[in-house]
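1. I'll drop the sequence and a predicted model, then ask my questions.
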Amino acid sequence: MHILRTIADHKTMRFSEIKEDLTEINSRILSERLTELEEEGLIERVVLDEKPICIEYNITEKGADMRNVFKCFCNFGKKWGKKKK
């Protein structure tokens, strides 16, 4: 969910930008999760015709619809999350 939310917030991101935002995930796992999100139709992988080859990840319409889910989780966390003492 963190990966999808990160891409949704930016609409288009490169692998290195996603990795920079999500420092707690290693590159291999990030790559696997991006493939899974692409297979589910939540993001699309675009290979740009540049040298060196550049790959961008875009949020799809289906993935963008997840924003409402993220908002619900945020609202739940604000209401029911642990209160700091």
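-> Cool, got the structure. Small disclaimer: the values here were computed from a predicted structure and weren't measured. Numbering: from 1, shown residues only.

2. give me the below-cutoff pLDDT ranges for the chain.
-> Low-confidence segments of the chain, defined by pLDDT under 70: 83-85.

3. can you give me the helices for it?
-> In the chain, helices defined by DSSP state H lie at 2-10, 15-21, 27-39, 61-64, 67-80, listed in chain order.

4. which one of those helices is the most hemmed in?
-> helix 2-10 (a mean of 18; mean count of other C-beta atoms under 10 Å). Just so you know, the C-beta spots here come from the backbone N, C-alpha and C atoms, and that holds for glycine as well.

5. and it, what does it pack onto?
-> helix 15-21, helix 27-39, strand 54-59, helix 61-64, helix 67-80 (3 or more C-beta pairs under 8 Å, 6 or more residues apart in numbering; DSSP states H and E).

6. so that helix versus strand 54-59, what angle?
-> Interaxial angle, helix 2-10 versus strand 54-59 (axes from the mean of the first three to the mean of the last three C-alpha atoms, to 10 degrees): 90 degrees.

7. quick one: contacts of helix 2-10?
-> Residues outside helix 2-10 that contact it (C-beta atoms under 8 Å, 6 or more residues apart in numbering): 13, 17-18, 21-22, 25, 30, 33-34, 37, 42-43, 57-59, 63-64, 66-67, 70.

8. off-centre distance for stretch 39-56?
-> The chain centre lies 14 Å from the centre of stretch 39-56; the measure is C-alpha atoms, centre = their mean, to the nearest Å.

9. end to end, how far does it reach?
-> 15 Å (C-alpha to C-alpha, to the nearest Å).

10. and stretch 43-63, which residues are buried?
-> For stretch 43-63, burial by neighbour count (16 or more other C-beta atoms under 10 Å) applies to 43, 56, 57, 59, 60, 63.
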